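J.: here is my input, please return the structure:
(2 chains)
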Amino acid sequence: KAGVTQTPRYLIKTRGQQVTLSCSPISGHRSVSWYQQTPGQGLQFLFEYFSETQRNKGNFPGRFSGRQFSNSRSEMNVSTLELGDSALYLCASSRLDSGGPSQGQYFGPGTRLTVT
Amino acid sequence: KNQVEQSPQSLIILEGKNCTLQCNYTVSPFSNLRWYKQDTGRGPVSLTIMTFSENTKSNGRYTATLDADTKQSSLHITASQLSDSASYICVVSANNNDMRFGAGTRLTVKP
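T.: Numbers count the residues shown, from 1 in each chain, chains lettered A, B, ... in the order given. As a prediction, the model looks like this:
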């Protein structure tokens, strides 16, 4: 079974631009979560989608948004990029029944975003 | 205040030696605790997952323990190898699927 895939793996953008990152979960996984990882802050939760609905949201500004498609694939978008948005963006999927406890989360390799 | 605290922040050991990483948490109500290994520049990979009723779980040379009473977990690495050099992240989930991440322990194994 293929793992979680993320595209692109590396990205360089300039301040003020916007970016869209893509995540394909493991087949059969319906929950997709996004995280930002920086050396100073560690892993920080952005949002979680389940059945095309945002179920949980972290403490990030509205410039960060996401969506999930009917095939569970997910995208996240960051508008008006700032230098501080440079980070590794990780996507994770899990076979998560609605409202049930998480049984295991599998991470993708991440997208390394550099904002100059 | 982070609800998951890991120690030490970093650790350097010689190849072949054992080491133990610590994770203390205050997340409640507790659902499960996971240890991840993250190589530099890559996504975390799950090592173990433990629920309330599990005290210990092994995955090769990795053994995780959980004391739900004291809210402590440890990850013991036996006969370390150079490839064990990575960050080890403790993640604790509450019953509402709220996940809390530790800051990680950076392990360096030297020859």
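J.: ok and the residue in chain A nearest chain B?
T.: A:Phe107 (3.6 Å; CB to the nearest CB). For the C-beta atoms, the positions are set from N, CA and C on the backbone; glycine is no exception.
J.: show me what that residue bridges to in the sheet.
T.: On the basis of DSSP bridges, A:Phe107 is bridged to A:Ala92.
J.: neighbours of it, how many?
T.: A:Phe107: 22 surrounding residues under other CB atoms under 10 Å in any protein chain shown.
J.: where's it relative to A:Thr5, distance?
T.: Per CB to CB, to the nearest Å, A:Phe107 is found 11 Å from A:Thr5.
J.: let's check: the centremost residue of chain A is which one?
T.: The centre of chain A sits closest to A:Trp34, judged by CA atoms, centre = their mean, with a distance of 2.8 Å.
J.: need the nearest residue in space to it, chain neighbours excluded.
T.: A:Leu46 (4.1 Å; CB to CB, 6 or more residues apart in numbering or on different chains).
J.: next up, the contacts around that neighbour.
T.: Each residue near A:Leu46 by CB atoms under 8 Å, 6 or more residues apart in numbering or on different chains is listed here: A:Ser33, A:Trp34, A:Tyr35, A:Gln36, A:Lys57, A:Gly58, A:Phe60, A:Phe64, A:Gly66, A:Met76, A:Tyr89.
J.: just the buried residues of those.
T.: A:Ser33, A:Trp34, A:Tyr35, A:Gln36, A:Phe60, A:Phe64, A:Gly66, A:Met76, A:Tyr89 (16 or more other CB atoms under 10 Å in any protein chain shown).
J.: for B:Ile13, state which of those is nearest.
T.: Comparing the buried ones among the contacts of A:Leu46 against B:Ile13 with CB to CB places A:Tyr35 closest, at 28.2 Å.
J.: burial count for B:Val27?
T.: The local packing of B:Val27 (other CB under 10 Å) involves 18 other residues.
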